[in-house]
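A.B. asks: no sequence for this one, just the structure:
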């Protein structure tokens, strides 16, 4: 059973916190708790948001029995942890690495003391877990990146990061779903849109999904884009 604590966050939210680290089992626990609380349809609860290792519940204090809410959270959080090794269908995402589409690829290679081809091989080898969504709609925080290419964020963020840019920040990797500021190390770009409001399912990925990147040539990138 995972240890947890319940922390008030103002008068209309509480946060359930598990152990403070990036960990598959802990993240599975947080996602399972969020799903159980959503399914419980507790009166007055407005939203349930899972993160790497916590779950935030936002509620209407005028419509919510706070003691009953905490009791329900304690009951669900105390249940046995789900099987973190359960397999999810893998979402495969094409990436064109390097050049103007991945301006930090050389820097990541220098960080690891390896070639750019090895960076691409190490980035495309794992099946990553989507730990959480945040920052902007559709931005999936994925991990865990191989330690040899787990370069830290840039000391000075860029003012504009192009949509579709694939980046690394320590043990995390992710795709910028829109043009935004950002400080991650950009190693490539995908023509796939992680978020598109007009789609029947706007979000390509959700917390708990499995993702694998694969390399494509520039001509294929332009064709798909």
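C.D. replies: Done, it's in. Note that the structure is predicted; figures quoted are calculated from it, not measured. Numbering: from 1, shown residues only.

A.B. asks: Need the phi and psi values for residue 200.
C.D. replies: Main-chain dihedrals, residue 200, degrees, to the nearest 10: phi -60, psi -40.

A.B. asks: Now do the same contact list for the most centrally placed residue in the chain.
C.D. replies: Residue closest to the average C-alpha location in the chain (Cα atoms, centre = their mean): residue 141, at 2.2 Å. Listed by Cβ atoms under 8 Å, 6 or more residues apart in numbering, the contact partners of residue 141 are 52, 130, 131, 132, 133, 134, 172, 174. C-beta coordinates here come from the backbone N, C-alpha and C atoms, glycine included.

A.B. asks: Tell me which residues touch the residue nearest to the first one when sequence neighbours are not counted, please.
C.D. replies: Just to be clear, that refers to residue 52. Leaving out its chain neighbours, the residue that sits closest to residue 52 by Cβ to Cβ, 6 or more residues apart in numbering is residue 131, at 4.9 Å. Residue 131 makes contact with 22, 27, 51, 52, 141, 142, 143, 172, 207, according to Cβ under 8 Å, 6+ apart.

A.B. asks: Whichever of the contacts of residue 141 end up buried, select them in PyMOL.
C.D. replies: In PyMOL syntax, the buried subset of the contacts of residue 141 is picked out as below (16 or more other Cβ atoms under 10 Å):
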select buried, resi 52+130+131+132+133+172+174
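
A.B. asks: how about the contacts of residue 141 in a markdown table, adding pLDDT?
C.D. replies: Converted to a markdown table, those look like this (pLDDT from 0 to 100):
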| residue | pLDDT |
| --- | --- |
| 52 | 92 |
| 130 | 95 |
| 131 | 94 |
| 132 | 93 |
| 133 | 93 |
| 134 | 89 |
| 172 | 96 |
| 174 | 98 |
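
A.B. asks: Now flag whichever of the contacts of residue 141 is closest to residue 98.
C.D. replies: Nearest to residue 98, judged by Cβ to Cβ, of the contacts of residue 141 is residue 174 at 17.9 Å.

A.B. asks: Now do residue 126 against residue 27, distance only.
C.D. replies: Applying Cβ to Cβ, to the nearest Å, the value for residue 126 to residue 27 is 15 Å.

A.B. asks: between the two, who's got more neighbours?
C.D. replies: residue 27 (26 against 17; other Cβ atoms under 10 Å).

A.B. asks: what's the domain layout of this protein?
C.D. replies: 5-77, 90-224 (automatic domain parsing).

A.B. asks: in the chain, which segments are predicted with low confidence?
C.D. replies: Along the chain, the model assigns pLDDT under 70 to residues 1-2, 82-87.
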